[in-house]
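**Student:** predicted model, plus sequence, below.
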Amino acid sequence: MSRNLVLTLALLGGTLMSMQAHAQVSVTDIPALPQSGATLPSTAPAPAPTQGTPVTPPTVTTLPAVNPPLAQPYTAKLEGPQSVQAGQANMWNVLLTNTGDKTINLQHGACDVRFEVLNAAGQVVRTTPKDAICTLQIVGTNVAPGQTEELQKIRWEGKNDENQNVPAGNYTIRSVFNGDGVLVRPADFTVIVR
């Protein structure tokens with residue numbers, strides 16, 4: 001054998017022996033077996049919902065929620081058309097009702113209300129447009145006890161994030177006011193797109 005071949009084999013043999021030493025398994029590396037009579041965890045799939053049982057869609061959101069909820073008692077809702085034509089612009093008002101006994105005073109920007117639209121499967125198909133024009137103007141919203149005021153408007157054209165008309169069906173508009181250091185979450189609003 002040539003001297004180079006012998007050196008190569010010697011090097012390979014040393015590397016293999018070193019790898020073998022690192023690959024040894026100790027008794028502590030072997031997972032413990034269940035004790036006699038213990039039940040094994042079930043790996044069977046969850047039962048399918050029976051007919052008539054509502055299926056809860058996944059909770060996915062693109063809405064910001066960095067502020068704590070408004071501490072004063074209130075209700076919030078969206079108000080607008082319940083049936084729209086795909087491709088046509090519509091407006092919904094974000095309304096705040098003061099159910100407490102002290103005035104709610106909010107100083108906020110023009111883009112503190114964000115929204116998203118979900119299809120019937122719970123997938124977000126439209127997020128707040130990234131190119132929305134937000135001014136540095138501060139808006140004051142003061143809501144006296146028992147009164148309702150508009151925080152802002154939401155505009156949706158019945159389109160998805162790719163600017164294509166969404167298919168006909170039921171959609172949910174979710175919104176959030178995340179300004180002046182507080183979070184206000186209006187109730188979801190269902191819309192039928194024709």
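**Tutor:** Here it is on my side, so go on. Numbers count the residues shown, from 1 in each chain.
**Student:** longest strand of this protein?
**Tutor:** strand 169-179 (DSSP state E).
**Student:** which strands or helices does the helix or strand following that strand pack on?
**Tutor:** Per DSSP states H and E, strand 169-179 leads on to strand 182-184 as the next helix or strand towards the C-terminus. If you count contacts as 3 or more CB pairs under 8 Å, 6 or more residues apart in numbering; DSSP states H and E, strand 182-184 packs onto strand 169-179. From N, CA and C alone the C-beta is placed, and that goes for glycine too.
**Student:** which helices and strands does the strand it packs on pack with?
**Tutor:** On a contact count with 3+ CB pairs under 8 Å, 6+ apart, strand 169-179 meets strand 74-79, strand 90-98, strand 104-108, strand 113-118, strand 148-156, strand 182-184, strand 189-193.
**Student:** identify the neighbouring strands of the longest strand of the chain in the sheet and state each direction.
**Tutor:** Strand 169-179 has the following strand partners under DSSP bridges: strand 113-118 (antiparallel), strand 182-184 (antiparallel), strand 189-193 (antiparallel).
**Student:** can you redo these as a markdown table with distance to residue 169 and mean pLDDT?
**Tutor:** Formatted as a markdown table, these follow (distance: least, CB to CB, whole Å; pLDDT from 0 to 100):
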| stretch | distance to residue 169 | mean pLDDT |
| --- | --- | --- |
| strand 113-118 | 11 | 94 |
| strand 182-184 | 28 | 95 |
| strand 189-193 | 6 | 97 |
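**Student:** winner for burial among those strands?
**Tutor:** Counting by mean count of other CB atoms under 10 Å, strand 113-118 has the highest mean neighbour count of those, with a mean of 22.
**Student:** send me that one as CSV with only the CA atoms.
**Tutor:** Output in CSV follows, covering the C-alpha atoms of strand 113-118 (Å, rounded to 0.1, in the frame of the first residue of the first chain):
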residue,chain,number,x,y,z
VAL,A,113,-59.1,52.6,14.3
ARG,A,114,-58.0,49.5,12.4
PHE,A,115,-60.2,46.8,10.8
GLU,A,116,-60.0,43.4,9.1
VAL,A,117,-62.5,41.3,7.1
LEU,A,118,-62.8,37.6,7.6
